[in-house]
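In: Quick one: sequence and predicted model below, then my questions.
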Amino acid sequence: MAGGETVKRVARDFEFLKNRVLAVLIFGSAVSEAEARDVDVCIVAPGGFDLREVFKRVDVAGKKYDVWLFEELPLYMKMEIILNHVVVHCKDILELYEYFYFFRKLWKDQERRNCLTKDEIGEMLKAFTRTKRKSA
């Protein structure tokens with residue numbers, strides 16, 4: 001779990017976003033490992049946000065932050081964040097989890113396809129090829 005010092009440091013550095021975005025979260029190795037090499041920070045801003053402002057105000061490289069905008073991420077990364085994060089700042093926690101609900105539903109519809117093994121894909125391709133040959 002993200003150490004208290006890491007959360008405090010990120011909270012201080014991203015304080016200027018506190019009332020401007022829905023949430024600032026930590027995810028990735030900083031949450032799951034005791035010694036993370038960097039800190040993944042996710043900004044959740046349903047109304048949009050220009051990340052350049054973060055790079056102007058925070059020494060992202062020096063502090064080893066990887067900063068991501070939730071709305072620009074692919075669905076599988078959104079789900080990783082939804083399932084494994086630490087809240088640093090949040091305007092309204094209920095609104096945040098309600099916002100995440102839509103992405104959970106999307107993932108539920110696609111999860112099977114995204115989690116197929118190599119063998120399962122191979123079997124599907126073989127079945128498709130057999131079906132195509134029969135119709136030709």
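Out: Looks like it arrived, so ask away.
In: max-length helix in the protein?
Out: Ranked by residue count, the top helix of the chain under DSSP state H comes out as helix 93-114.
In: roughly how far out does it sit from the chain middle?
Out: Taking the mean of its C-alpha atoms, helix 93-114 sits 12 Å from the chain's own mean (C-alpha atoms, centre = their mean, to the nearest Å).
In: Please identify the buried residues of that helix?
Out: 96, 99-100, 103, 107 (16 or more other C-beta atoms under 10 Å). The C-beta positions use only the backbone N, C-alpha and C, and glycine is treated the same way.
In: likewise stretch 53-65?
Out: Buried residues in stretch 53-65 (16+ other C-beta under 10 Å): 54, 58, 60, 65.
In: need the contact list for the third one.
Out: Looking back up the chat, that one is residue 60. For residue 60, the residues meeting the contact criterion (C-beta atoms under 8 Å, 6 or more residues apart in numbering) are 54, 67.
In: Could you spell out the sheet neighbours of whichever strand or helix holds residue 24, each with its direction?
Out: Take DSSP states H and E as the rule and residue 24 turns out to sit in strand 23-27. Its sheet considered, strand 23-27 pairs with strand 39-44 (antiparallel), strand 85-90 (antiparallel) by DSSP bridges.
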